[in-house]
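Enquirer: sharing a model that was predicted from the sequence below.
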Amino acid sequence: MTASDSTRLPPLAAAAVDRAPDERATPGLIETARADASTRVLVLAGDAAPLAGPAELLWVAPATVPDGAAWALLGRDAAGALMLTAVLDAGEDKPFDAPGGWAGLRAIGGALSPHDAGAFVEALSLGRWLLDARFCPACGALTMLADAGWSRRCPSCGRQHFPRTDPAVIVAITSTRDPDIVLLGSNALWGAERYSCFAGFVEAGESLEAAVQREVAEESGIEVATVEYRGSQAWPYPRSLMLGFLAVAADDDAARADGEEIAAVRWFTREEIGAALAGEGDVVLPGRASIAHRLISEWHAGAA
């Protein structure tokens, strides 16, 4: 496996946020920050965030946040102000009105600035854990937040818990014979014309290379001849780290859907992919926030 020489990062991968990890252990940091009007807060309601405009997050003062939120430190902005997230369960009504409305990461992440995209994916990844992992998995006791929202401590058994990340591989497959076609698959849960790269979680005791070979073979019938790493990004649905690869098929004719998870596989020409990226025709490709979109668009542009 060779490392990519591409200088382009996936849309949610830029290290554009100062996470201030050395400050997380400061006693009372969240309470102090909430009392400071200069603190900037990114509120989440479910997986949606408020927008100041079409492609800009709305950061609010702590006093704007409704009661009942789970709080955590995101870091500091360029001016040195603390940035927090305040996470609320999804509801039919949003907590407050926003000039640009509310949108989820899937919909807006690919259009945001690197800073806002990084803050959104950090807040959503951490926020899902804040809401979903309140109880100790060892003894079932209600845990207490620590480290400015980045850990939980169990008052019953004394264990310390941290946000979990699950690695997953995602792969675009190119032809061994024709450089101008790419193999994509249609998940059985999608519409018939929606296609994407092949993906799956890394299993216990498995390397990334082995996971690529296994997942591609299981879902598409293809044995891969070569594998190239292309980049990674967090994908908090629910807690994945997506590791992107470009693989070359050993035998193009072996392509077939597994008939369970993948309903159809199809070799696409560069022209067909170009039309789909432009929103033309019936084929629907992944949204701009996803690493799948980056893998496909880089292949189409000849950068992969």
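Expert: Looks like it arrived, so ask away. Computed from a predicted structure; not experimentally measured.
Enquirer: report the buried residues of stretch 153-167.
Expert: Going by neighbour count (16 or more other C-beta atoms under 10 Å), the buried part of stretch 153-167 is 154, 161, 163. C-beta: built from backbone N, CA, C; applies to glycine.
Enquirer: of those residues, closest to residue 113?
Expert: When these are ranked by distance to residue 113 (C-beta to C-beta), residue 163 comes first, at 24.1 Å.
Enquirer: am I right that the closest one falls within a helix?
Expert: No - under DSSP: H, G, I helix; E, B strand; the rest coil, residue 163 sits outside any helix and is assigned coil.
Enquirer: distance of it from residue 33?
Expert: According to C-beta to C-beta, to the nearest Å, residue 163 stands 20 Å off from residue 33.
Enquirer: same question, residue 166
Expert: Distance from residue 166 to residue 33, by C-beta to C-beta: 30 Å.
Enquirer: just give me how far stretch 81-97 sits from the chain centre.
Expert: 19 Å (C-alpha atoms, centre = their mean, to the nearest Å).
Enquirer: likewise stretch 42-58?
Expert: 16 Å.
Enquirer: next: stretch 276-289.
Expert: 19 Å.
Enquirer: now do that stretch: everything it contacts.
Expert: 11-12, 105-111, 117, 191, 193-197, 268, 272-273, 275, 292-293, 296-297, 300 (C-beta atoms under 8 Å, 6 or more residues apart in numbering).
Enquirer: buried subset of the residues you listed?
Expert: 11-12, 105, 108-111, 117, 194-197, 268, 272-273, 292-293, 296-297, 300.
Enquirer: what about the lengthiest strand in the chain, average pLDDT?
Expert: Assignment by DSSP state E gives strand 224-235 as the longest strand of the chain. Averaging pLDDT along strand 224-235 yields 96.
Enquirer: number the chain from 49, please
Expert: Noted, 49 is the first residue going forward, which turns the last one into strand 272-283.
Enquirer: buried set for that strand?
Expert: 272, 275, 276, 277, 278, 279, 280, 281, 282, 283.
Enquirer: which parts of stretch 335-352 are buried?
Expert: Neighbour-count burial for stretch 335-352, counted by 16+ other C-beta under 10 Å, picks out 335-348, 352.
Enquirer: contacts only, for residue 60.
Expert: 153, 157, 165, 166, 168, 169, 281, 282, 283, 337, 339.
Enquirer: need the pLDDT of it.
Expert: pLDDT, residue 60: 91.
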